[in-house]
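Student: predicted structure and sequence below. I'll ask about it afterward.
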Amino acid sequence: MTDEPSPRARAAHQFIAALPHCRALSMSVESVRDGEAVISMPWSENLVGDPRTGVIHGGAVSALMDTSGGAAVLSHPTAPLNTATMDLRIDYMRAATPHQTITARAVCHHVTRSVAFVRAEAFDEDVEKGPVAVANGAFALDRGKRP
Amino acid sequence: MTAPEPVQRIKQRRDGALRALVGGVPYAGFLGIAFDRRGDELTGVLNFDPKLIGNPILPALHGGVTAAFLEVTAIVTLSWSMLWDDLESGRIDVDALTPETLPRLPKTIDFAVDYLRTGLPRDAYARARVNRSGRRYASVHVEGWQDNRDRLFAQATGHFLMPPRDG
């Protein structure tokens, strides 16, 4: 084992960083390798759901969860060519603290020939308070030609 | 017998309340989500913009955009259904209605999105149905489509915590 990211992980990193919507939300890839991805998203006024509280809208957290899930899948050692979300369920445990960065960690914990299963958790900067949201997803895999 | 209310006043009241409701969600504005109203029926409209693209190779709407669009439509439709009776009975004065004075929005407990087709790089529409609305919780189903109403590109079900009501 080496700490150098594999070419595969580097490609996944660049791919995610280039996605227009991820740029619009100022997402940044903290790490992505071996079926695990950590992606952060800073607080922004644009993402607020209720201006009276300043709490980020659940939809923005969904976008972060979906991105980290897709990144985890693409970085899986079985090297899928592409992936698309089939199903994503998110549980919102608590409101994210306003003005704090949200960081999601997704793990692709099982893959079959055509489907990848993902678990993800999102934290604000008060990590000791537990996750703001958790997610489970199924992603369709494109592995190129079928035998 | 009283004369029926002038149609302009009805429209002003309903559209004003809807504007206050949707205008109170900055994230909806950021994504370019607007709402069409026919009577009490709402249709969410996601106006396409290149920043909504997830995968630039396909190109396709970002799955997170789809989820957010359906969730915004569910919350606005649920809030609208809570607001409607108070609005129509005159218990809420629409002229005094601003994003700051609106009743609090429901909070999402969970939201499950079923992605049925690729979201194409064009406008999308969504309609939500409140299947159960109790004092504390509501269950809402929402359907999203693009070119054909019968070919959904995504659907979702969510549970929401209702804001506390006075009285």
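Tutor: Received the coordinates, thanks. Numbers count the residues shown, from 1 in each chain, chains lettered A, B, ... in the order given.
Student: where along the chain do the helices fall?
Tutor: All of this is about chain A. Shown for chain A, the helices assigned by DSSP state H span residues A:7-17, A:20-24, A:58-74.
Student: hm, I was asking about chain B
Tutor: Under DSSP H, chain B gives helices at B:7-23, B:26-31, B:63-88.
Student: quick one, which of those is packed in tightest?
Tutor: helix B:63-88 (a mean of 24; mean count of other CB atoms under 10 Å in any protein chain shown). From N, CA and C alone the C-beta is placed, and that goes for glycine too.
Student: what about that helix and chain A, touching?
Tutor: Yes. Using CB under 8 Å from any CB of the partner chain, helix B:63-88 reaches chain A at B:G63, B:G64, B:V65, B:A67, B:A68, B:F69, B:E71, B:V72.
Student: isn't the fourth one up against A:D87?
Tutor: No. Counting by CB atoms under 8 Å, no contact exists between B:A67 and A:D87, whose distance comes to 10.9 Å.
Student: overlap in contacts of the two?
Tutor: Common contacts of B:A67 and A:D87 (CB atoms under 8 Å, 6 or more residues apart in numbering or on different chains): B:V113.
Student: what residues does stretch A:26-34 touch?
Tutor: Residues contacting stretch A:26-34 (CB under 8 Å, 6+ apart): A:5-6, A:8-9, A:12-13, A:16-17, A:37-42, A:44, A:64, A:67, A:71-72, A:74-77, A:103.
Student: residue 34: neighbour count?
Tutor: In the absence of a named chain, this looks at chain A. By the measure other CB atoms under 10 Å in any protein chain shown, the count of residues near A:D34 is 17.
Student: not quite, go with chain B.
Tutor: By the criterion of other CB under 10 Å, B:A34 has 13 neighbours.
Student: gap between B:L42 and chain A?
Tutor: 17 Å (CB to the nearest CB, to the nearest Å).
Student: for that residue, list the residues it contacts.
Tutor: Here B:L42 is in contact with B:L18, B:F35, B:D36, B:T73, B:V76, B:T77, B:W80, B:R127, B:A128 (CB under 8 Å, 6+ apart).
Student: over to B:R149?
Tutor: B:Y125.
Student: with A:R94 instead?
Tutor: Counting by CB under 8 Å, 6+ apart, A:R94 has contacts A:K129, A:G130, A:V132.
Student: residues contacting residue 40?
Tutor: Reading this off chain A. Contacts of A:S40 (CB under 8 Å, 6+ apart): A:M27, A:S28, A:E30, A:T101, A:I102, A:T103, A:A104.
Student: the intended chain is chain B.
Tutor: By CB under 8 Å, 6+ apart, the neighbours of B:D40 are B:W80, B:S81, B:W84.
Student: between the helices of chain B, which one is closest to A:A116.
Tutor: When these are ranked by distance to A:A116, counting by CB to CB, first place goes to helix B:63-88 at 13.6 Å.
Student: among the contacts of A:S40, the buried ones, what's the PyMOL command?
Tutor: Selection command for PyMOL covering only the buried members of the contacts of A:S40, criterion 16 or more other CB atoms under 10 Å in any protein chain shown:
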select buried, chain A and resi 27+28+102+103+104
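Student: pLDDT added to the contacts of A:S40, as CSV?
Tutor: Listed next are the contacts of A:S40 as CSV, based on pLDDT from 0 to 100:
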residue, pLDDT
A:M27, 93
A:S28, 91
A:E30, 92
A:T101, 98
A:I102, 98
A:T103, 98
A:A104, 98
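Student: and which of the contacts of A:S40 is nearest chain B?
Tutor: A:M27 (9.6 Å; CB to the nearest CB).
Student: how close does that closest one sit to A:A37?
Tutor: 11 Å (CB to CB, to the nearest Å).
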